[in-house]
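[1] let me see the structure of the following:
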Amino acid sequence: MEYSVHVRMNEHLFLRDPEGSELGRRIVRQSILLFNDVGFEEATFRKLADRMNTKEASIYRYFENKHRLLIYLVAWYWQWLEYQLMFQTNNLTDPREKLERLLRLILLKDLDSSTNDDIDVRTLHRIVVRESSKAYLTQHVTEDNRQQLFKPYKDLCGRIAGIILEYRPDYPYARSRASSLIETAHYQTFFMQNLPLLTDFGVDKDEKHILNFLRHLLFSSLDAPTFGQQ
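    Numbering: from 1, shown residues only. Predicted coordinates for the structure are as follows:
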């Protein structure tokens, strides 16, 4: 059974809802391919327009700049990932099993093939690994946060924190652990592929090692006997 994931986006991210027109949908989907091919720094709306055989001005009618477009893509991914986490853990009762499923999802090892959405999620995942921190590591992060542009990431981390607390109700660092899991997974993946001496996984470049590392990182902290202050 196929299904399509409908993601409702923050209206502050765009000037005109890209999902409301064929051109807008093409802008989103082609930008994923462009960012993947040349990277965020080298991407421009002119290059995107050339790729789409359209005018640069038509893209500016949808997005103020490429940074807003990047935040849009990253926010879409976080909402999609939260939905996948809900969907794949809905019938699970064991919190540890939920956390194991989560770790695989963070690395996109359990992509549900039944979705018929035409967004290339695997390519988008590669962009999120490389570029997602650039969405908020800016001078205007406070204003962007005031407009709730990062709410999808916060919601995802909140849901992960909830599962962590199911497993260990007295764990005092659930949100910190949730966000650090995601960031560690992304940084270790990036390092493995590009800066291998910063990891222990650079020789064979196999994500199963990152999965094992994340599992150790998560459960060694959750299974620690006490959480008292030193």
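[2] just the pLDDT at M52, thanks.
    Per-residue confidence (pLDDT) for M52: 96.
[3] the residue lying closest to it once chain neighbours are set aside and G162: what is the separation?
    In space, and not counting its chain neighbours, M52 is closest to Q30: 5.3 Å by Cβ to Cβ, 6 or more residues apart in numbering. C-betas here are computed from N, CA, C, even on glycine. Q30 is 36 Å from G162, where distance means Cβ to Cβ, to the nearest Å.
[4] right, and the helix or strand after the lengthiest helix in the chain?
    As assigned by DSSP state H, the longest helix anywhere in the chain is helix 66-89. Using DSSP states H and E, the next helix or strand after helix 66-89 towards the C-terminus is helix 95-106.
[5] just to revisit the earlier point, and the longest helix of the chain, what does it pack onto?
    Secondary-structure packing of helix 66-89 (3 or more Cβ pairs under 8 Å, 6 or more residues apart in numbering; DSSP states H and E): helix 22-38, helix 95-106, helix 121-131, helix 151-167.
[6] got any ranges where the protein has weak pLDDT?
    Scanning the chain for pLDDT under 70 picks out the ranges 1-6, 111-117, 226-230.
[7] just the C-alphas of the longest helix of the chain, formatted as PDB.
    Taking Å, rounded to 0.1, in the frame of the first residue of the first chain, the C-alpha atoms of helix 66-89 are listed here in PDB:
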ATOM      1  CA  LYS A  66      18.900  30.400  -1.000                       C
ATOM      2  CA  HIS A  67      19.300  30.300   2.800                       C
ATOM      3  CA  ARG A  68      15.500  30.400   3.200                       C
ATOM      4  CA  LEU A  69      15.300  27.600   0.600                       C
ATOM      5  CA  LEU A  70      17.800  25.500   2.600                       C
ATOM      6  CA  ILE A  71      15.800  26.000   5.800                       C
ATOM      7  CA  TYR A  72      12.700  24.900   3.900                       C
ATOM      8  CA  LEU A  73      14.400  21.700   2.700                       C
ATOM      9  CA  VAL A  74      15.800  20.900   6.100                       C
ATOM     10  CA  ALA A  75      12.600  21.600   7.900                       C
ATOM     11  CA  TRP A  76      10.700  19.400   5.400                       C
ATOM     12  CA  TYR A  77      13.100  16.600   6.200                       C
ATOM     13  CA  TRP A  78      12.700  16.900  10.000                       C
ATOM     14  CA  GLN A  79       9.000  16.800   9.700                       C
ATOM     15  CA  TRP A  80       9.200  13.800   7.400                       C
ATOM     16  CA  LEU A  81      11.600  12.000   9.800                       C
ATOM     17  CA  GLU A  82       9.300  12.700  12.800                       C
ATOM     18  CA  TYR A  83       6.400  11.200  10.800                       C
ATOM     19  CA  GLN A  84       8.500   8.100  10.000                       C
ATOM     20  CA  LEU A  85       9.400   7.700  13.700                       C
ATOM     21  CA  MET A  86       5.800   7.900  14.700                       C
ATOM     22  CA  PHE A  87       4.700   5.500  11.900                       C
ATOM     23  CA  GLN A  88       7.500   2.900  12.600                       C
ATOM     24  CA  THR A  89       7.100   2.900  16.400                       C
END
